[in-house]
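Student: Below is the sequence, then the predicted model.
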Amino acid sequence: MMRYLTQANELLARLESYEIKQIPRIENEEADYLAKLGSSLANIDSRKIIFLTINRKQNEESHQNIFCAQEEPSWKDDIINYLKHGTLPTDRAEARKLRMRAARFTIIDGELYKRGYSQPYLKCLTPSNAEYVLREIHEGICGNHSGGRSLAGKALRQGYFWPTMKHDAVELAKHCRACQEHANLHHQPATLLQPLATPLPFAQWGMDLVGPFPQATGQRKFLIVAVDYFTKWVEAEPLARISEREVIKFLWQNVVCRFGIPQALISDNGTQFSGSKVKEWCRQLSIKQFFTSVGNPQANGQTEVTNRTLVHHLKVRLGNAKGKWVDELPSVLWAYRTTPRTSTGESPFNLAYGTEAVTPAEIGEQSWRVKQYAPSTNDQALRISLDLIDELRDEV
């Protein structure tokens, strides 16, 4: 065995870096069989001697080939070669173009990053890694099957970059079967958004009921939805029945206990919202109620748009398994909260907490902030973000 150890050390010395891993027994069947054979021979009492022979010693190979794993060829290669070794194309025009382009990139811990405008550093991805990130954002745990432009923007916000981001995102959404089957049909011409100003975040909420859905566990088939008019943060909960008691319970647990007492509630004039119990509860907390006609839902347009979005996301995630909509609801809400809204240009999570949420894509393909996380400096950075959140909200 010493010969094998000596030869292994000689081969390892020729490598730039290496990592030694222990292979589980189930993945190394040949060695496992030999070990079992040796242990079984020790218990045999007969005088038969079993010889295992080979034609030559395995450690006396005359030729060894060492193959080094390399990343797939990609757009990063020329930039990395220039930044590391100063290698330029022979063509003067291409060389000048590469120098100008490489000025926006840097190498940190062996990884290529682009200096961004939205974030200090954007991690540069190869085509295969880029496809993983796009699919995770589009249809992963917190995916909401967003359109191409929104998908590319969300990838940027998570800290990634590659030259064909928008094109790849559009193509992925275009070839997504669920997106094509459940895409919204627009019957009315687009109009300018009419912003409704609110004095503080979480001060004005719109409420509505959606359903009935296919009956789920606990006989739940309705969905009560509340949307903050400023941050676009959404709260939703499945219900088995519609009553004033359920509405009050939802408002207390999901709105008041999490975000404080609001100034106003906007809803239709259904009895579950305009009944005497809800009115008395709102009066005790000094919450003003504003009602819209059931026949004119556009008056509570923010909630109506959110309802359509949530129903659309549930459809594309569930396919034919309609009864599991309650199980998918938390993932749909997370996707909605972490996606930038058109009217604000920011995600509800960012406007609420002063920073973007960490998504699964950033764990599978580590972004700059995940890779550089340090407990000693993270708390201070979060305090700075919270100090600056008012300025972000004023800009919105």
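Tutor: In hand now; what should we look at?
Student: So Ala359 is in contact with Gln158, correct?
Tutor: Ala isn't right for residue 359; it's Thr. Yes: at 6.0 Å, Thr359 counts as touching Gln158 under the criterion of CB atoms under 8 Å. For the C-beta atoms, the positions are set from N, CA and C on the backbone; glycine is no exception.
Student: Looking at the two, which one has more neighbours?
Tutor: Shown here are Thr359 and Gln158; by other CB atoms under 10 Å, Gln158 has more neighbours (26 against 22).
Student: wait, that one sits on Gly364?
Tutor: No: with contact defined as CB under 8 Å, Gln158 does not reach Gly364; the gap is 10.8 Å.
Student: can you list residues touching both of these two?
Tutor: Val133 (CB atoms under 8 Å, 6 or more residues apart in numbering).
Student: how does this protein divide into domains?
Tutor: Residue ranges of the domains in the chain are recorded as 77-182, 204-360, according to the TED database.
Student: For Trp368, which of these is the nearest?
Tutor: Nearest to Trp368 among the domains of the chain is domain 77-182; the distance by CB to CB comes to 4.5 Å.
Student: Go over the secondary structure and confirm Ser267 is in a strand.
Tutor: Yes: judged by DSSP: H, G, I helix; E, B strand; the rest coil, Ser267 forms part of a strand.
Student: quick one, what contacts it?
Tutor: 206-208, 273-274, 289-292, 300, 303.
Student: and it, bridged to which residues?
Tutor: Beta-bridge partners recorded for Ser267 (DSSP bridges): Phe291.
Student: thinking again about what came up before, mind putting the contacts of Ser267 into CSV with secondary structure, distance to Thr231 and pLDDT?
Tutor: Shown next, in CSV, are the contacts of Ser267 (DSSP: H, G, I helix; E, B strand; the rest coil; distance: CB to CB, whole Å; pLDDT from 0 to 100):
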residue, secondary structure, distance to Thr231, pLDDT
Gly206, strand, 12, 87
Met207, strand, 16, 86
Asp208, strand, 18, 85
Phe273, helix, 22, 86
Ser274, helix, 26, 84
Gln289, strand, 21, 88
Phe290, strand, 19, 87
Phe291, strand, 23, 84
Thr292, strand, 21, 79
Asn300, helix, 17, 54
Thr303, helix, 14, 64
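Student: farthest-separated two in those residues?
Tutor: Farthest-apart pair in the contacts of Ser267 is Ser274 and Thr303; separation 15.6 Å (CB to CB).
Student: Can you report how many residues lie near Gly218?
Tutor: Gly218, neighbours per other CB under 10 Å, totals 10.
Student: where does it land on pLDDT?
Tutor: The model reports Gly218 with a pLDDT of 83.
Student: Quick one, grab the pLDDT at Lys174.
Tutor: Lys174 is given a pLDDT of 81.
Student: Excluding covalently adjacent residues, which one is nearest to it?
Tutor: Ranked by CB to CB, 6 or more residues apart in numbering and with sequence neighbours excluded, the top spatial neighbour of Lys174 is Gly148, at 7.2 Å.
Student: neighbour-wise, which of Ser274 and Thr303 wins?
Tutor: Thr303 (25 against 14).
Student: The stretch 201-350 of the chain: strands as residue ranges?
Tutor: Remark: strands assigned in the stretch 201-350 of the chain by DSSP state E, counting those that start in this stretch are 204-210, 222-228, 234-239, 264-268, 288-292.
Student: Can you check which of those strands gets nearest to Thr377?
Tutor: Using CB to CB, these put strand 222-228 closest to Thr377, at 31.0 Å.
Student: contacts for the closest one?
Tutor: Under CB under 8 Å, 6+ apart, the answer for strand 222-228 is 201-202, 204-213, 233-242, 246-247, 250-251, 254-255, 259, 302-303, 306-307, 310, 329, 348.
Student: Need the domains of the chain in JSON lines (columns: distance to Tyr4).
Tutor: Putting those into JSON lines (distance: least, CB to CB, whole Å) gives the following:
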{"stretch": "domain 77-182", "distance to Tyr4": "32"}
{"stretch": "domain 204-360", "distance to Tyr4": "42"}
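Student: between those, which gets nearest to Arg3?
Tutor: Among the domains of the chain, domain 77-182 sits nearest to Arg3 (CB to CB), with 35.1 Å.
Student: Start and end of the closest one, how far apart?
Tutor: By CA to CA, to the nearest Å, the extent of domain 77-182 from end to end equals 40 Å.
Student: any idea how far it is from the chain center?
Tutor: Mean-position distance between domain 77-182 and its chain equals 16 Å (CA atoms, centre = their mean, to the nearest Å).
Student: same check, this time on stretch 364-372
Tutor: Centroid displacement of stretch 364-372 relative to its chain, using CA atoms, centre = their mean, is 12 Å.
Student: what mean pLDDT does that stretch have?
Tutor: 77.
Student: can you pull out the helices in the stretch 101-250 of the chain?
Tutor: 127-139, 148-157, 165-174, 177-181, 244-250 (DSSP state H, counting those that start in this stretch).
Student: which one of the ones you listed lies closest to Met100?
Tutor: Judged by CB to CB, the one of the helices of the stretch 101-250 of the chain that comes nearest to Met100 is helix 165-174, at 20.0 Å.
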